[in-house]
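> give me a 3D structure for the following:
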Amino acid sequence: MDWKFDLKAVYGVFFLNFSMTNLPCKLRTDIVLADRDTHEQFSDKMRYIFIELPLFTKEEDECETDFERWIYVLKNMEILQRLPFKARKAVFEKLEQIVDIAGLSKEDRLKYDESIKVYRDQLAVMEYERLQGEARGEARGLVKGRAEGKIDVARSMKADAMPIETIARYTGLTPESIERL
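Okay, here's the model as predicted:
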């Protein structure tokens with residue numbers, strides 16, 4: 001059996017709130033998969049990344065890159081009263097919203113979830129109504145288009161001096177409306 005798969009990349013990222021004794025003593029350790037016997041790398045698209053949060057020692061004002069800011073937030077999330085770097089990056093505003101939701105009491109979280117459900121239901125109803133309106137408009141357009149098509153055919157048949165009764169039979173128009181054309 002020939003196994004083929006198209007992977008862009010698969011990464012397993014693990015944030016450790018402890019230091020692993022069997023890993024090198026560094027903040028980020030990238031592990032690649034290799035054959036046990038040949039030590040050949042299995043794929044350059046698959047790897048594990050271990051980030052040992054206790055080894056990150058920078059303070060908020062020392063963080064210079066987005067990576068350092070993310071690690072700072074992840075390491076200090078439980079004790080932060082407000083999220084740092086908020087003014088610099090919109091992504092941190094979203095993270096703050098997530099943290100605020102995660103910090104709700106069970107009762108408040110149920111209320112929040114219910115309000116989100118109601119909001120999404122309302123959006124779904126509005127979208128359904130919009131689609132129904134479009135469908136009704138398309139149906140009216142089809143009826144109007146068919147009527148205009150019948151009139152065009154009747155005009156052509158009348159211009160070719162065909163009898164009114166024949167035109168009425170083929171178009172479904174009344175003889176009176178054909179005579180007015």
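
> any idea how far the spatially most central residue of the chain is from Lys26?
Centroid-nearest residue in the chain, with Cα atoms, centre = their mean: Arg120, separated by 14.4 Å. Using Cβ to Cβ, to the nearest Å, we find Arg120 at a distance of 44 Å from Lys26. All C-beta atoms are positioned from the backbone trio N, CA, C, and that covers glycine.

> also Leu104?
36 Å.

> low-confidence ranges in this structure?
1-15, 23-24, 80-92, 95, 99, 102 (pLDDT under 70).

> quick one, helices of it?
Assigned by DSSP state H, the chain shows helices spanning 66-76, 90-102, 106-159, 164-171, 175-179.

> please list all residues in contact with Arg155.
Each residue near Arg155 by Cβ atoms under 8 Å, 6 or more residues apart in numbering is listed here: Leu181.

> how about 10 Å then?
Applying Cβ atoms under 10 Å, 6 or more residues apart in numbering to Arg155 gives the contacts Ile167, Thr171, Ile178, Leu181.

> which of the residues you listed are buried, as a ChimeraX select command?
Per 16 or more other Cβ atoms under 10 Å, the buried members of those correspond to this ChimeraX selection:
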select :167,171,178
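
> tabulate the contacts of Arg155 (CSV), appending distance to Ile51.
Output for the contacts of Arg155, formatted as CSV (distance: Cβ to Cβ, whole Å):
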residue, distance to Ile51
Ile167, 81
Thr171, 76
Ile178, 82
Leu181, 80
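
> and the contacts of Arg155, which is closest to Lys150?
Nearest to Lys150, judged by Cβ to Cβ, of the contacts of Arg155 is Thr171 at 4.5 Å.

> you'd agree that closest one is up against Ile151?
Yes. With contacts counted by Cβ atoms under 10 Å, Thr171 reaches Ile151, the gap being 7.9 Å.

> shared neighbours, those two?
Ser177, Ile178.

> check contacts around the residue lying closest to Glu40 once chain neighbours are set aside.
Nearest residue to Glu40, sequence neighbours excluded (Cβ to Cβ, 6 or more residues apart in numbering): Ala34, at 6.2 Å. By Cβ under 10 Å, 6+ apart, the contact set of Ala34 is Glu40, Gln41, Phe42, Ser43.

> same check on Glu165?
Pro175, Ile178.

> separation between it and Leu173?
Taking Cβ to Cβ, one finds Glu165 at 11 Å from Leu173.

> cool, Arg140 as well?
In terms of Cβ to Cβ, Arg140 sits 19 Å off from Leu173.

> the more surrounded of the two?
The neighbour count for Arg140 versus Leu173, taken as other Cβ atoms under 10 Å, is higher for Leu173 (20 against 10).

> surely Leu53 touches Lys75?
Yes. With contact defined as Cβ under 10 Å, Leu53 reaches Lys75; the gap is 4.4 Å.
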